[in-house]
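> Could you look at this predicted model? Sequence included:
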Amino acid sequence: MIIETVMTSLDSKNDLNFSAIGVEFVKDKVIFYPYKNTTTAENILATKKGTVNIVDRSYYLILAALSEPEFAVDKTDLGNYYLKDCCYYYEFKLSAISDLGKKYKLTANITAQKSRNDFIGLNRAENLLLEAAIIASRIGITKKTKELKNYLAENREIIFKTGDQKSKESYLFLKKYLQIQEE
């Protein structure tokens, strides 16, 4: 099962990067598939480490996927960074690389993990926003702006009815992102 997460990674100059990425947990390992030539892939290949953050807000996933956010972070005992507002984090060390053409399959050993906040789950608005973020992140790859525009229009009422203020802000961020993509 793939879990949508926010990954934090450092480059060789210790500049922090956030990315939204799906990962699989298999026993004491984490497996993920970043596109080649992305900051995440380059950072992990260069430093051989990173942190997977489990969050219960689509807001983090949306911003990590579609912008260059500056989230509040703390440093781990092993020198990585985690989101202060995450539910759990898992530090990892790269153990295997497979070339899959446009992507890599990266397998890493979990070296430390910590529970920070209780995971309360995602409500209906959060689930819809998460799917909207995935559509938005694939515009130009496998999706078109029209698909996101239709999705947001179809789900606006539910998001505004069941979501909170952060959900509404996330919806408006996606609408603005869509306008930029259509220009």
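Yep, it's here.
> where along this structure do the helices fall?
Taking DSSP state H as the criterion, the chain carries its helices at 39-47, 58-66, 124-137, 145-162, 165-182.
> Only alpha carbons, please: show the first one as CSV.
Right, the one you point to is helix 39-47. The C-alpha trace of helix 39-47 is given here as CSV (Å, rounded to 0.1, in the frame of the first residue of the first chain):
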residue,chain,number,x,y,z
THR,A,39,15.5,17.6,-6.4
THR,A,40,14.3,14.7,-4.2
ALA,A,41,16.0,12.0,-6.3
GLU,A,42,19.2,14.1,-6.6
ASN,A,43,19.3,14.8,-2.9
ILE,A,44,18.7,11.2,-1.8
LEU,A,45,21.3,9.9,-4.3
ALA,A,46,23.9,12.5,-3.1
THR,A,47,23.4,12.1,0.6
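> distance between that helix and the chain's centre?
Centroid separation for helix 39-47 versus its chain: 15 Å, with Cα atoms, centre = their mean, to the nearest Å.
> Name the surrounding residues that touch that helix.
Helix 39-47 has contacts (Cβ atoms under 8 Å, 6 or more residues apart in numbering) with 7, 9-12, 17, 19, 21, 34-35, 50, 94, 97, 104, 106, 108. (Glycine included, C-beta is placed from N, CA and C.)
> are any of the residues you listed buried, and which?
Listed as buried from the contacts of helix 39-47 are 7, 9-10, 17, 19, 21, 34, 50, 94, 104, 106, 108; burial here means 16 or more other Cβ atoms under 10 Å.
> Now intersect those residues with the strands, please.
Among the buried ones among the contacts of helix 39-47, the members falling in strands (DSSP state E) are 7, 9-10, 17, 19, 21, 50, 94, 104, 106, 108.
> now, which of the residues you listed sits nearest Leu172?
Ser19 (22.2 Å; Cβ to Cβ).
> Number of residues surrounding the closest residue in space to that closest one that isn't next to it in sequence?
The shortest distance from Ser19 to any non-neighbouring residue, by Cβ to Cβ, 6 or more residues apart in numbering, is to Thr40 (4.3 Å). For Thr40, the neighbour count with other Cβ atoms under 10 Å is 22.
> same deal with Gly101?
Gly101 has 6 neighbours, counted by other Cβ under 10 Å.
> how near is it to Tyr35?
Here Gly101 is placed at a distance of 10 Å from Tyr35 (Cβ to Cβ, to the nearest Å).
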